[in-house]
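*Asks:* Got a predicted model here, sequence first, then my questions.
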Amino acid sequence: MFSHIVRFFQGGGWMMYPIAAVLVVGLAIALERWIYLTVTAVGNRTLWNDISPLLVQGNFRQAVQVTSRSNAAIGQILSYGLARIASARRREDIEKAMEESLMDIMPRLEKRTHYIATFANIATLLGLLGTVIGLINAFAAVATVNPAEKANLLSASISVAMNCTAFGLMTAVPLLLIHAVLQTKTTELIDSLEMASVKFLNAVTERPQPAPAAA
C-alpha cells in the first residue's frame, strides 16, 4: 500500500509537490479552526450555565465579576450588555452595545476558514496544470522516437500526467468537505451567541421591579 502510494506520487512529476504543500497547509488550518471553534463553544456553554442563574436573580453585579474573569466570546458580549444596564434607558441601547461586541467577535470565528475552499480550488488547478505540462512533454518526447514505439510511450506518458489531476482532486474534495463542516460549525456558534444575547435581554427587561415603599 505504501509503495503504491509512493509510486503514484513519484509518477506525477514535480507538480505533485505543490499540491501536497497545499494539502498540508489546508489540513493545518482546518485542524486549528476546529480546535478553536470547539474550545470556544465549550467555553461559551460553561459560562452561560454559570451566569444564567445570576441573570434570573437579577444579580448583575456578580454577573459582571463572572464575565470579566472569563475569556469566552459570550463573556465579552455579556460584559458589554451588563456595562450598559445602569446607563441605558431602553432595551435598544443594550442591544446595540451587544451587537457591536458580536461584530467584533465574528471575524475571529470566521478567520482563515475561507482559505480552505481557496486551497481546494488551487489544488484542482495545480492538478490540471501538471497534467497539461505532462501532456506537452509527452507529445514533445514522442515526436523524435520510432513510430512503432509512439503508442506505448504516449500511453505511458499520459498515464503519468493524469496522476496530477487525480491527486489534485483527491486533495480538493476533502478540503471542500472540511470547509463545509467548519462553516456549519461557525454558523451554529454565531447563532448560539445571538440566542444568548436575546435571552440576556429578556432577563434584563423582564426582571422583577422593586415594590414601591409604603407611604
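*Replies:* Arrived safely, thanks for sending.
*Asks:* For the longest helix seen in the chain, give the mean pLDDT please.
*Replies:* Counting residues, the longest helix found in the chain (DSSP state H) is helix 147-205. For helix 147-205, mean pLDDT is 84.
*Asks:* now for that helix, which elements pack on it?
*Replies:* helix 2-11, helix 16-57, helix 73-85, helix 91-110, helix 113-142 (3 or more C-beta pairs under 8 Å, 6 or more residues apart in numbering; DSSP states H and E). For the C-beta atoms, the positions are set from N, CA and C on the backbone; glycine is no exception.
*Asks:* again, only using 10 Å
*Replies:* With contacts taken as 3 or more C-beta pairs under 10 Å, 6 or more residues apart in numbering; DSSP states H and E, helix 147-205 sits against helix 2-11, helix 16-57, helix 60-68, helix 73-85, helix 91-110, helix 113-142.
*Asks:* Out of these, name the one with the poorest average pLDDT.
*Replies:* helix 2-11 (a mean of 70).
*Asks:* could you dump the helices and strands packed on helix 147-205 to a markdown table with distance to Phe167?
*Replies:* Formatted as a markdown table, those follow (distance: least, C-beta to C-beta, whole Å):
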| stretch | distance to Phe167 |
| --- | --- |
| helix 2-11 | 7 |
| helix 16-57 | 5 |
| helix 60-68 | 49 |
| helix 73-85 | 38 |
| helix 91-110 | 29 |
| helix 113-142 | 6 |
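*Asks:* Just put those helices in TSV and tack on mean neighbour count and distance to Thr184.
*Replies:* Output for the helices and strands packed on helix 147-205, formatted as TSV (neighbours: other C-beta atoms under 10 Å; distance: least, C-beta to C-beta, whole Å):
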stretch	mean neighbour count	distance to Thr184
helix 2-11	11	31
helix 16-57	16	10
helix 60-68	16	27
helix 73-85	21	18
helix 91-110	16	12
helix 113-142	18	11
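*Asks:* Sounds good, over and out.
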